[in-house]
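**Student:** next input, structure requested:
(chains A and B)
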Amino acid sequence: MQNKKRRELLIGASAIAGASMLPSIAFAQSAKLRVGLMLPYTGTYAQLGTAIENGLKLALDQSGGKFGGREVDFFKVDDESDPAKATENANRLITRDKVDVLIGSVHSGVAMGMLKVAKESGTLMLIPNAGADAATGALCTPNVFRTSFSNWQPVHPLGKVMVDKGHKKAVFITWKYAAGEESLASFKEGFTAAGGTVEKALFVPFPNVEFQALLTEIASIKPDAVACFFAGGGAVKFVKDYAAAGLKDKIPLYGSGFLTEGVLAAQGEAAEGLFTTLHYADSLDNARNKAFRSAFSKAYKVEPDVYSVQGYDTGLLLAQALDKVKGDVGNQKAIIAAMEGAVVDSPRGQWKMSKAHNPIQDIYLRRVEKGDNKVIGVAWKALEDPARGCKLG
Amino acid sequence: MDIATFLIQLLNAVQYGLLLFLIAGGLTLIFGIMGIINLAHGSFYMVGAYLAWSLSMHLGSLWLAIPAGIVLSVVLGLLIEWLLIKRLYRLGHLQQVLLTYGLILIVEEMRGIVWGDEVHSVPVPDLLSASVPLTDTLSYPVYRLGISGVCIALAVLLYVLIQRTRLGMVIRAGATNREMVQSLGIDIDLLYRFVFALGVALAALAGMIAAPVSSVFPGMGNQVLIICFVVVVIGGIGSVKGALVGALLIGLVDTFGKVVELKVGHFRLLPELAGMSVYLLMAFVLLWRPAGLFGKRA
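**Tutor:** Numbers count the residues shown, from 1 in each chain, chains lettered A, B, ... in the order given. Below you'll find the predicted structure:
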């Protein structure tokens, strides 16, 4: 704090004097906003890291290349989706690169490592994807905000959707890891509340993609429907295996929307007709989304996805808060207040920040039609994560 | 579990085991004959899957993509052996691990540059796209049965090649005493280059025929690498027969570990610990036979 005040003094001095060498260096250093990007640029999640960064940069471009009137210097680290390296990488960005804002990451384990560091150092941190419930639950922190979702959110409305369609007995299948288990807990809660019963929860060790044994198990249980949480390559394989085993027409499959995000082309015919719930859909019919999509595809020559939207919203939130304090990152209290009160005009629809610093957002019901996640309607209006164990606000 | 379900699970187990053998076979071959620990084996599996995807798009069918992919992967294997691996024969295992680990990183990066980071899928060829109904809810894809058929055929072919042909005899002799074979006027360097390429081609072939059922995605090789090492260690390092038995055992333990419920007191052992079952199997086998089921004792 003391340092920052002195630096501001120097800025003032240099603006007046404008001659001395030392103050002019100090000016150059503090004039630009230092943003640390800790994202996966290699490995399984490489595509997601790039999508998030592009979304963020689009938001920056659209606010004239500046956040709060200040140009931005990015400090990028490839987090390799490796939780073991998370603390060290975050520490390096904060102590060596002296970033004003830390942004990351995709993998929940990495984000939790970063959160620990941000909590200790008090650095402002924004999470553009990782859904670990605890980040805006038991471990919520005043200086940490999430612009994506909590694992609890996307699957929670699924139970009600299924009961409304007459499915009372369901089997849930997922990977045995944090996101899978949190999704199961949330689904169970929503499904039971709507009057359904989870007959059995089936787990595949992560990131194993050998589903055949469990598909046989599902066929012998014969539930009314199956709900699942898978993403990426595993999602492609699961959806295809489910169809190939002849189950698709007999036991309807539902899922968290990540099941069909960015992988529909690979899933092909096997995914047709699947119902999923998520906080976004490519074909969401609103002017904001259309403008975003055309600007994004023009800038990066690829179609944006839910991850690009989350990156974009991270930029929108940052722009909004920094504009409010006129770029004065030293005034963290005001920045936090601005973020807490923010209403983000996102391509996914307007959302507000919850007390626990997680988006309060609409969850859409989507159906795969001709290789597109077509929006059927809003499955749950303004869904707020219960933020269990969070004492903020 | 009723008898029908049990039999289907048994089929699942054998089918998975055979696919594992196909991948692990090349790994154990390269180690057993050349003494090289090849960590990049999983990467060649991934390359195979990506080759199946891109070649079948360009050539229009998986039937054409597979032979073309085999040729390409043999060339890749020859090239890597000539460029890198041949320098390792006189060095220790640590250097081998270091170099082949480096290869993993290089292959992964090249994959990103050449093919990108997206998830792809390869369509199952029409001829094998049908399913056989097993119960009123479940049917079995013919393609999976086809994979098992190919695996069995390759197991037989490998056995005949190594145990029953003159070439196999020379390979086995080379594994026992490299210098002696060389002094008998046989170009052992060329032979090893061939064996390494064969191992790479086996991994790539496994990737190619698994591509339609497993989908094609970054990092897919690292997943199979670990389980392949478990197969090879259980079977006895270097033993092709051991790899077959080990792979089938893993198939059984993995499949039934996921679906059988086992309780000890109040603690649910299975399927809670299904992720560990294959490693526990490995630990027990090693306690009982430290060199693996068919390994040569040191």
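**Student:** show me what from the stretch 101-250 of chain B comes close to chain A.
**Tutor:** The stretch 101-250 of chain B comes close to chain A at residues B:108-109, B:112, B:116-121, B:123-124, B:131, B:133, B:135, B:137-141, B:143-144, B:213-220, B:223, as judged by C-beta under 8 Å from any C-beta of the partner chain. No exception for glycine: its C-beta is placed from N, CA and C like everyone else's.
**Student:** so of these, which ones are in strands?
**Tutor:** B:Ser131, B:Pro133, B:Ser139, B:Tyr140, B:Pro141 (DSSP state E).
**Student:** burial count for the closest residue to the first one other than its chain neighbours?
**Tutor:** Spelled out, it's B:Ser131. With sequence-adjacent residues excluded and distances taken as C-beta to C-beta, 6 or more residues apart in numbering or on different chains, B:Ser131 is closest to B:Ser139, at 4.0 Å. Neighbour count of B:Ser139, defined by other C-beta atoms under 10 Å in any protein chain shown: 18.
**Student:** what's the neighbour count on A:Glu303?
**Tutor:** Using other C-beta under 10 Å, A:Glu303 is surrounded by 12 other residues.
**Student:** now B:Met180
**Tutor:** Neighbour tally, B:Met180, other C-beta under 10 Å: 12.
**Student:** which residues touch it?
**Tutor:** Neighbouring residues of B:Met180 by C-beta atoms under 8 Å, 6 or more residues apart in numbering or on different chains: B:Ala173.
**Student:** what about chain B, any weak spots by pLDDT?
**Tutor:** Applying pLDDT under 70 to chain B flags residues B:297-298.
**Student:** near chain B, which residues of the stretch 51-200 of chain A?
**Tutor:** Residues of the stretch 51-200 of chain A lying near chain B (C-beta under 8 Å from any C-beta): A:Lys176.
**Student:** just want the residue of the stretch 51-200 of chain A that's nearest chain B.
**Tutor:** A:Lys176 (6.1 Å; C-beta to the nearest C-beta).
**Student:** where does the closest residue to that residue other than its chain neighbours sit, in terms of helix or strand?
**Tutor:** Spatial nearest neighbour of A:Lys176, excluding adjacent residues (C-beta to C-beta, 6+ apart): A:Phe203 at 4.0 Å. Per DSSP states H and E: A:Phe203 is located in strand A:197-205.
**Student:** and that strand, average pLDDT?
**Tutor:** For strand A:197-205, mean pLDDT rounds to 93.
**Student:** ok, which stretches of chain B are helices?
**Tutor:** For chain B, applying DSSP state H gives helices covering B:3-34, B:41-59, B:62-83, B:93-115, B:142-164, B:166-176, B:178-183, B:188-214, B:220-235, B:240-259, B:274-288.
**Student:** sorry, back to before: what's the strand holding A:Phe203 in contact with?
**Tutor:** Residues contacting strand A:197-205 (C-beta under 8 Å, 6+ apart): A:168-176, A:180, A:184, A:187-188, A:191-192, A:210-211, A:214, A:217-218, A:221, A:223, B:258, B:271, B:274-275.
**Student:** right, is stretch B:272-281 up against chain A?
**Tutor:** Yes. Remark: stretch B:272-281 sits within contact range of chain A at B:Ala274, B:Gly275, by C-beta under 8 Å from any C-beta.
**Student:** so what touches that stretch?
**Tutor:** Residues from elsewhere that reach stretch B:272-281 (C-beta under 8 Å, 6+ apart): A:176, A:203, A:205-206, A:208, B:227, B:230, B:234, B:249-250, B:253-254, B:257-258, B:270.
**Student:** go with 10 Å
**Tutor:** Stretch B:272-281 is contacted by residues A:175-177, A:202-206, A:208, A:213-214, B:20, B:226-227, B:230-231, B:234, B:246, B:249-263, B:267, B:269-271, B:283 when judged by C-beta atoms under 10 Å, 6 or more residues apart in numbering or on different chains.
**Student:** and A:Thr277, that's in a strand?
**Tutor:** Yes. Applying DSSP: H, G, I helix; E, B strand; the rest coil, one finds A:Thr277 inside a strand.
**Student:** show me what contacts A:Asn91?
**Tutor:** A:Gly113, A:Met114, A:Val117, A:Glu120, A:Ser121.
**Student:** what about the fourth one, how many residues nearby?
**Tutor:** Counted with other C-beta under 10 Å, residues neighbouring A:Glu120 total 13.
**Student:** so it is in which element?
**Tutor:** In this assignment (DSSP H and E), A:Glu120 forms part of helix A:108-121.
**Student:** give me the helices and strands touching the helix or strand following that helix, please.
**Tutor:** Once the chain leaves helix A:108-121, the next helix or strand it forms, by DSSP H and E, is strand A:124-127. Applying 3 or more C-beta pairs under 10 Å, 6 or more residues apart in numbering or on different chains; DSSP states H and E, we find strand A:124-127 packed against strand A:33-39, strand A:101-103, helix A:108-121, strand A:144-146, helix A:306-324, helix A:332-340.
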